[in-house]
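Trainee: Have a look; sequence and predicted model below, questions after that.
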Amino acid sequence: MTFLRNAWYPAGWSDEIAEKPLGRSLLNEPVLLFRAEDGEPVAMSDRCPHRFAPLHLGRVCGSAIECGYHGLVFDRNGHCIANPHGDRSVPKVQLKTYPVVDRGGVLWIWMGDPSRASVDDIIDTEFMVSPDFKPVAGYLLVDANYRLIIDNLMDLTHASYIHRGGLSSEEYGGDNLHHRFHQNGISVHSDYDFRNVPPSPQLKPFFPRDRTDVRAYMHLTAPSSLYLDFRMSEVNGDPEQGVRLPSLHLLCPATDNSTHYFYAIARNVALDDPDADEAIRQTTRQAFMEEDEPMIRACSSMMGGADLLEMKPVILKTDVAAVRARMLLDKLIRAENNMIEAA
Amino acid sequence: MTFLRNAWYPAGWSDEIAEKPLGRSLLNEPVLLFRAEDGEPVAMSDRCPHRFAPLHLGRVCGSAIECGYHGLVFDRNGHCIANPHGDRSVPKVQLKTYPVVDRGGVLWIWMGDPSRASVDDIIDTEFMVSPDFKPVAGYLLVDANYRLIIDNLMDLTHASYIHRGGLSSEEYGGDNLHHRFHQNGISVHSDYDFRNVPPSPQLKPFFPRDRTDVRAYMHLTAPSSLYLDFRMSEVNGDPEQGVRLPSLHLLCPATDNSTHYFYAIARNVALDDPDADEAIRQTTRQAFMEEDEPMIRACSSMMGGADLLEMKPVILKTDVAAVRARMLLDKLIRAENNMIEAA
Amino acid sequence: MTFLRNAWYPAGWSDEIAEKPLGRSLLNEPVLLFRAEDGEPVAMSDRCPHRFAPLHLGRVCGSAIECGYHGLVFDRNGHCIANPHGDRSVPKVQLKTYPVVDRGGVLWIWMGDPSRASVDDIIDTEFMVSPDFKPVAGYLLVDANYRLIIDNLMDLTHASYIHRGGLSSEEYGGDNLHHRFHQNGISVHSDYDFRNVPPSPQLKPFFPRDRTDVRAYMHLTAPSSLYLDFRMSEVNGDPEQGVRLPSLHLLCPATDNSTHYFYAIARNVALDDPDADEAIRQTTRQAFMEEDEPMIRACSSMMGGADLLEMKPVILKTDVAAVRARMLLDKLIRAENNMIEAA
Ligand code: FES
Ligand code: FES
Ligand code: FES
């Protein structure tokens, strides 16, 4: 299994690192994340070169990390700068570091060639830190390859089955569903329109009408950052005037068969209502942890680690966006591998 | 590891499927079981051909099953009959189906060539549904190859050790034990007689005498269906006049090293006594779950997945029935494989 | 991965076997331990040759063990001496037995050629049974190769990090630490002196002064028996006059990546004080179970089962004793393998 390396991946939410360092497996590599004295995030190998202790078990000292096993200290560039013992001679080693950026509430990490990293390629998540929205974020480690989660998200026809009676509704399917698909550059767009339907049970409190026009426009930016522009507005009304519930579904492969899933739903209503926060928190936990995750894990287990397309699945018209996303990803990974081989 | 395929295996108890579908791994294949509108059982592949969701996570609609992920519907013959989305075009696929029969309280499934399946080959378990008996059934998933459980059951000398003071007794061994063995066709019979012994502590309530003649006649029908004709009667009395406690020990390999074990004990006394039901339930739980299962699992773990006979075990005279059962099974599997290769 | 076989390994504490037999994996072999009628320990294969049941699930009968599955009985020399069933003929088998010695509170087992076993090679642990000391012992199964635990123990610089504020102190490092190393025969000695330091928080109750000279002299006898001669005495005073807290750290590989860790700390003060026993018990649990073990396991997990030196770790001056211990062990194992091949 190969991953696209020259890409920004979500490594965590910005507020996940403060005093305490954090260790995460990203693309099969153990990565240490912490915040330096100046507030900037630092990402480097989580493996102490002395006895291979995870550095995140140590403590942050200013802008450096002290290993919790025997106390070697490494600065934010990965250089060993202190050895507390013996002749105090400092070994000449440099830990691998990764470009990491704190932007729009997300820690973005670049797992490939640092010279190719450009912050301009990071997707816009400004609603996460905008005063016009109130976000509620969560995190989930899913025991499945990240592509199975992309499949899940790019094909929202699953919602009227898995999330019926909750985040979705039985009426969000069949003839009420209008789907368009388009692709540009490294993005794939899967737009769902449901006209003149009831609000779903769990979202009705945010738009207390009997009927609504729902727009759910999913945008994937390769490799695995998804943004859902979700709106409820008056039937035949202006979608700009209604309720907006934009959500993030940011994925980073932990290993070949497990994936970090950072999700968040923001809203442009009831901004200061803690009950609304709690309702969204419950809704997302139920939808992603209790409904999607067991299904995705069960599919992964049925597939026994094999690649989806090699298993020759039945392809439906509604799979177009998910299949295109897979093809795009395959193309990008192939191109990257060719480039590396040519170098 | 190969299994005999052209054979009836127990897939479950009849009452295990009603409204809710059931998913089980049988001979390493994921099998879906549910009951159609007409009451007949249905068995087919549990793997949706779309994204490989386990179909048992969906719901039964009449005599069809609706996938819980995106809603494709499959009829009892495995044909896709509905697609709720997009152009609603129905993919041309057929899921593998299995002959399945609901008989004598058991769901029997045929895992091989359907044209060879004949219900006449199903063993008689009519006492399970007869008004003359009251059965109490249970289920256990054992982490061991099914042959280790057959070994356990065909050699009841284990009972006076593992089940002493419970279902058996120390006196059910040594000189009190008389054993005969015979084989015919695909059946192996291992008959134990214990004359003029005390009833075992847990069975004495059903035959409250100080001494009894016990008959425990175990019948294996290949591959893995065992019936124990157990009787307690007056010393030197007529065994037809005593207490009968016939029991079933029906095995179906789940994987190479795990086995579905469906057990039941019926009785021809105290038919309407719920306390007797509960006593039997406790007795079987203790005997099979707490006494046999840990021992079989421990042996399996010691063997590390190797075949018993390849490990050159010590063979005792009392092993004759178990060894013959293994040889019979080997012969049947070899014959089946030759037949398949010849075809 | 190979182990040194011609060596005494700790199989348990003497008081771990009494009426009940004990089963342990030692150097990947299933070993049964029990105490014979005359009080002598017995060690033999834990695998019944009949159906491979673990013999420790059976019961001790005098100086023999009865298998819990079908009742074969084996004497202390591994010979089958009784078969309770059928013609009662006794199979001609002999289970592998191991030299085992009960000495100084420890059960020592010899895993190699019995003709080479000499009790003179067993290390001295007499303080464990001496009236001048009160020992408190514990046991831990660590999910790591035994060499990682030796690394941990031979390099006490870890203590001022992992055990700071408990069994050790931040001041037990840097310039306060004086280290000497020497090797003789199959022993490696790693001696730490800390002069004029405060007693560590958890040991101060045993030496209630503000300052102390601490001596921590670690002695490894290959392959994996460690003895720590730990003393606290008056600053510039006679170390023979102070408090002694000798400790044992006896290791036996269970499998390639798990290790039995038998630890004990004895003291020459507060001999009859149950509160002191409890304090030591808490201290050792915290230090070994909550502080060392998670770190060693985390390093093992980072290393993915690879050999430390093959991973080219950074070597510090303070690693000298641990590295020498590894080289000694490699040399001994190589010599043993050559000897076996030559034979
Ligand atoms: S393992 Fe990090 S300093 Fe030793
Ligand atoms: S996986 Fe069954 S309908 Fe999609
Ligand atoms: S397994 Fe030990 S006597 Fe049968």
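Mentor: Perfect, I can see it now. Ligands and ions are numbered 1, 2, ... in the order given.

Trainee: hey, what's the spatially closest residue to A:R24 that is not a sequence neighbour bridged with?
Mentor: Closest residue to A:R24 apart from its sequence neighbours, by CB to CB, 6 or more residues apart in numbering or on different chains: A:V31 at 5.4 Å. No exception for glycine: its C-beta is placed from N, CA and C like everyone else's. A:V31 has these beta-bridge partners by DSSP bridges: A:R24, A:S45.

Trainee: Then the one 4 residues further on?
Mentor: In this structure, A:R35 has beta-bridge partners A:P41, where bridges are defined by DSSP bridges.

Trainee: Now for it, how many residues are close by?
Mentor: 21 (other CB atoms under 10 Å in any protein chain shown).

Trainee: looking at it, the residue nearest to A:R24 is touching A:G23, isn't it?
Mentor: Yes. Between A:V31 and A:G23 there is a contact at 7.2 Å, judged by CB atoms under 8 Å.

Trainee: Neighbour count for the two, which is higher?
Mentor: A direct count of neighbours by other CB under 10 Å for A:V31 and A:G23 places A:V31 higher, at 26 against 17.

Trainee: which SS class is A:D292?
Mentor: helix (DSSP: H, G, I helix; E, B strand; the rest coil).

Trainee: measure it to B:A53 for me?
Mentor: Applying CB to CB, to the nearest Å, the value for A:D292 to B:A53 is 12 Å.

Trainee: For A:M302, which residues are in contact?
Mentor: Residues counted as contacts of A:M302 (CB atoms under 8 Å, 6 or more residues apart in numbering or on different chains) are B:P30, B:R47, B:F52, B:A53, B:P54.

Trainee: The third one falls within a helix, correct?
Mentor: No. The assignment for B:F52, made by three-state DSSP, is coil rather than a helix.

Trainee: Considering the contacts of A:M302, which is situated nearest to chain C?
Mentor: Relative to chain C, the closest of those is B:F52; by CB to the nearest CB it sits at 30.0 Å.

Trainee: What is the neighbour count of that closest one?
Mentor: For B:F52, using other CB under 10 Å, the count is 24.

Trainee: which residues touch it?
Mentor: Residues counted as contacts of B:F52 (CB under 8 Å, 6+ apart) are A:C299, A:M302, A:M303, A:L308, A:M311, A:P313.

Trainee: who wins for most neighbours among those residues?
Mentor: Per-residue neighbour counts (other CB under 10 Å) across the contacts of B:F52 peak at A:C299, which has 23 neighbours.

Trainee: show me what contacts that residue?
Mentor: So A:C299 contacts A:A144, A:L148, B:R51, B:F52, B:A53, B:P54, B:Y69 (CB under 8 Å, 6+ apart).

Trainee: Check A:I109 too.
Mentor: A:W8, A:Y9, A:P10, A:A11, A:L26, A:V31, A:A43, A:Y98, A:P99, A:V100, A:C252.

Trainee: Mind telling me which residue of the stretch 101-250 of chain A is nearest chain C?
Mentor: Per CB to the nearest CB, A:L141 is where the stretch 101-250 of chain A lies closest to chain C, at 16.2 Å.

Trainee: How much space separates that residue from A:W8?
Mentor: Separation of A:L141 from A:W8 (CB to CB): 20 Å.

Trainee: again with A:G58
Mentor: Distance, A:G58 to A:W8, using CB to CB: 27 Å.

Trainee: Also A:P21?
Mentor: Counting by CB to CB, the separation of A:P21 from A:W8 is 21 Å.

Trainee: same check, this time on A:D75
Mentor: 24 Å.

Trainee: which one of those two has more residues nearby?
Mentor: Between A:D75 and A:W8, counted using other CB under 10 Å, the more crowded position is A:W8 (26 against 20).

Trainee: beta partners of that one?
Mentor: A:W110.

Trainee: Quick check: the gap between it and chain B.
Mentor: The gap separating A:W8 from chain B is 28 Å, by CB to the nearest CB, to the nearest Å.

Trainee: Could you do A:W108 as well?
Mentor: Applying CB to the nearest CB to A:W108 and chain B gives a distance of 29 Å.

Trainee: same thing with A:G68?
Mentor: Distance from A:G68 to chain B, counting by CB to the nearest CB: 36 Å.
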